[in-house]
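Asker: Quick one: sequence and predicted model below, then my questions.
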Amino acid sequence: MIAREGWTRIAIVVGVAAVIHALAGLWWALPWWLACALVIQFFRDPKRIIPNQTGIVVAPAHGRVVSIGPGEDPFSGTKAIQISIFMNIFSVHSNRIPVSGDITQRQYHPGRFFNAELDKASQENERCAISIHTDNGFDVSCVQIAGLVARRILTYVKVGDRVQHGQRFGFIRFGSRVDLYLPPQSRVVASLGKWVLPGSDIIAYLPVLDKP
């Protein structure tokens with residue numbers, strides 16, 4: 001399955017490769033056919049098996065977990081657990097909703113384009129943040145961050161939208177990063193340095209509320 005964000009680009013590269021192949025032969029067209037393969041793999045968007053559980057947090061991005069630790073929610077400024085996932089050019093760049101709930105805030109920040117693996121990318125790079133209020137009353141924030149060569153963040157949800165965990169909500173072109181901010185009492189099961197799949201891999205569990 002190919003992400004719709006790549007249809008035009010793939011068509012252009014394939015068209016150029018086909019014309020060069022027809023006019024000059026395979027050897028002249030070979031670099032373009034290789035470019036086609038790279039563009040297609042970048043814009044691939046496989047279906048995911050979404051776990052049917054409540055209180056779970058699924059990975060919002062396909063990549064390597066580069067940070068797990070204390071942080072501050074970008075909207076409220078309150079203490080949170082921050083999980084950062086770095087996507088390289090070989091990752092699937094579709095982003096997925098981490099928790100079910102309602103979109104209560106959305107904010108775009110223009111910025112710079114440092115290497116997304118660096119901690120300062122969370123504060124200084126171009127980014128778009130959303131806040132999700134869960135049915136159990138928790139607030140979870142998810143931030144799409146542009147990387148060293150990324151120049152386009154796409155976010156398809158807006159304030160007031162009802163969303164489900166695993167739902168596709170955005171796309172970042174080229175190497176980039178997604179930061180997730182969870183309530184401090186959440187139980188993280190993701191491992192530092194490990195790769196995760198968006199929408200299908202559970203990376204944490206929200207706190208369990210005490211019954212009255």
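Answerer: Yep, it's here. Just so we're clear, the structure is a prediction, and the values are computed from it rather than from any experiment.

Asker: Tell me which helix or strand comes right after the helix or strand of the chain with the lowest mean pLDDT.
Answerer: Across the helices and strands of the chain, the lowest-confidence element by mean pLDDT, DSSP states H and E is helix 121-124, at a mean of 58. Using DSSP states H and E, the next helix or strand after helix 121-124 towards the C-terminus is strand 127-133.

Asker: Correct me if wrong: Ser200 contacts Gly166.
Answerer: Yes - at 7.1 Å, Ser200 counts as touching Gly166 under the criterion of CB atoms under 8 Å. Just so you know, the C-beta spots here come from the backbone N, C-alpha and C atoms, and that holds for glycine as well.

Asker: Compare the two and say which one has the larger neighbour count.
Answerer: Using other CB atoms under 10 Å as the criterion, Ser200 and Gly166 rank with Gly166 on top: 23 against 17.

Asker: Could you pull up the residues touching that one?
Answerer: Gly166 makes contacts with 48, 50-51, 58, 96-97, 199-200, as judged by CB atoms under 8 Å, 6 or more residues apart in numbering.

Asker: contacting residues around stretch 14-32?
Answerer: Contacts for stretch 14-32 (CB under 8 Å, 6+ apart): 13, 33, 35-36.

Asker: farthest-separated two in the residues you listed?
Answerer: The widest separation within these, taken as CB to CB, falls between Val13 and Trp33 and amounts to 9.0 Å.

Asker: Among those two, which residue is more densely surrounded?
Answerer: Neighbours were counted for Val13 and for Trp33 using other CB under 10 Å; Val13 has more, 19 against 15.

Asker: so the more buried one sits in a strand?
Answerer: No - the assignment for Val13, made by DSSP: H, G, I helix; E, B strand; the rest coil, is helix rather than a strand.

Asker: unless I'm mixing things up, it is touching Ala35, no?
Answerer: Yes - judged on CB under 8 Å, Val13 makes contact with Ala35 at a distance of 5.5 Å.

Asker: what about the nearest residue to Trp33 once chain neighbours are set aside, neighbour count?
Answerer: Residue nearest to Trp33 in three dimensions, not counting chain neighbours: Ala17, with 5.0 Å by CB to CB, 6 or more residues apart in numbering. Ala17: 19 surrounding residues under other CB under 10 Å.

Asker: So Ala17, which state does it fall into?
Answerer: Here Ala17 is recorded as helix under three-state DSSP.

Asker: Mind listing what's buried along stretch 53-71?
Answerer: 55-68, 71 (16 or more other CB atoms under 10 Å).

Asker: and if you look at stretch 24-35?
Answerer: Under the neighbour-count criterion of 16+ other CB under 10 Å, stretch 24-35 has 29, 32 buried.

Asker: CA atoms only for it - export them in CSV, please.
Answerer: In CSV, the C-alpha atoms belonging to stretch 24-35 read as follows (Å, rounded to 0.1, in the frame of the first residue of the first chain):
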residue,chain,number,x,y,z
ALA,A,24,18.4,6.4,-24.2
GLY,A,25,18.2,2.8,-22.9
LEU,A,26,18.4,1.0,-19.6
TRP,A,27,21.8,2.2,-18.5
TRP,A,28,21.0,5.9,-18.7
ALA,A,29,17.6,5.2,-17.0
LEU,A,30,19.0,2.9,-14.3
PRO,A,31,19.7,5.7,-11.7
TRP,A,32,16.1,6.9,-12.2
TRP,A,33,14.7,3.4,-11.7
LEU,A,34,16.7,3.2,-8.5
ALA,A,35,15.3,6.5,-7.5
